[in-house]
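J.: Can you look at this prediction? I've put the sequence above it.
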Amino acid sequence: MGKGSKERAKERRESRVQEISLLRTMSYSNNQRWWTSETVAVVTGANRGIGFEITRQLAGYGMTVILTSRDAKVGIEAVKVLQEADLLVEFHQLDIVDPESIKEFTDWIKETHGGLDILVNNAGVNFNVGSENSVEHAEQVIRTNYYGTKNLTEAMIPLMKPSPHGARIVNVSSRLGRLNGRRNRIGDVTLREQLSSDDLLTEELIDDTLKTFLQQTKDGSWTSSGWPENFTDYSMSKLAINCYSRYLARKLSDRPEGEKICVNCFCPGWVKTAMTGWAGNSSVEIGADTGVWLAMVPGEPANGKFFAERREIHF
């Protein structure tokens, strides 16, 4: 991308950020507010960064938010900060890679709140910063970002409350995981077409793709196999999340009226958080905005789509 193109892209990004900042100042009217203080939202990995900000914004609109964190101590401290601002926020420990932790959380939210209305899957890890691209931790990245998210989601689906507005699942993802982006996409055209096809996309295909990738990270052949070139393991985990979001949306699409569950994912952008080494170009408020918007949008929400800056983008 030439200098002129980079400058134009920067200008477009800045213009859109200004638009979103304006949209964030506009309150929802009474007939748009489908939620109440009894509406329950769960945000994973929410003790800091984007997850914390999503929690703060959702609670700021008057709903009850469950902030979860793997580390109970830091999670409790994060909740105290929000409670001091008179927000309806509760804490529960949750490690999405631990089946026992998921079961304990599932039992607790069922007993305490009778279920949930909104699930925001934010918990995730990334071990590369800047120009680094090691796959040393690939297994942990995939296990957390994809399998942990999937296992928690499957545990929560039976507990999602019936509603004429539709329960919502929002998956925090990344443009790095796009199948058909101009950069960083899978080089295997056949595999890319299979993953792009709603008719061919299955959980087994996603799992088999990840198994192949992880095996190649172990035997060293991954560098010549056409996997994404930037933040490879993180990109693959988010590619899997994007595909799973599409698959799950389709799987749940035939639920009867009043029991609909809408599944979408979004890219928060390159945000100034610990995960980016504080080197991002967007504030955490802007990074969280699209996720909050998807969780709350009035009327019939989209389903099985990918968003960035409140706009649908191609997978």
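T.: Received it, and whenever you're ready, just let me know what you need.
J.: just checking, what packs against the helix or strand hosting Arg12?
T.: Using DSSP states H and E, Arg12 maps to helix 3-24. When contacts are defined as 3 or more Cβ pairs under 8 Å, 6 or more residues apart in numbering; DSSP states H and E, helix 3-24 packs onto helix 284-296. Heads up, the C-betas are built off the backbone N, CA and C, glycines and all.
J.: And the helices in this structure, which stretches?
T.: All helices of the chain, identified by DSSP state H, fall at 3-24, 49-60, 72-83, 99-113, 138-142, 149-156, 189-196, 203-219, 232-252, 284-296.
J.: Select the helix or strand of the protein having the lowest average pLDDT value.
T.: helix 3-24 (a mean of 81; mean pLDDT, DSSP states H and E).
J.: what angle separates the helix holding Arg12 from helix 49-60?
T.: 30 degrees (axes from the mean of the first three to the mean of the last three Cα atoms, to 10 degrees).
J.: How about the contacts made by Lys305?
T.: With contact set as Cβ atoms under 8 Å, 6 or more residues apart in numbering, Lys305 has these partners: Ala249, Asn264, Cys265, Glu312.
J.: Any regions of the chain where pLDDT drops low?
T.: Within the chain, the segments meeting pLDDT under 70 span 1-3, 274-278, 281.
J.: Mind checking which residue lies nearest the centre of it?
T.: The centroid of the chain falls nearest to Val172 when counting by Cα atoms, centre = their mean (1.4 Å).
J.: So that one is in contact with Phe266, correct?
T.: Yes: here Val172 reaches Phe266: they are 6.8 Å apart, a contact under Cβ atoms under 8 Å.
J.: picking up where we left off before, buried set for the helix holding Arg12?
T.: Arg16, Val17, Ile20 (16 or more other Cβ atoms under 10 Å).
J.: now do stretch 216-234
T.: Gln216, Thr217, Trp222, Trp227, Pro228, Phe231, Thr232, Asp233, Tyr234.
J.: What is the end-to-end distance of it?
T.: From its first residue to its last, stretch 216-234 covers 15 Å (Cα to Cα, to the nearest Å).
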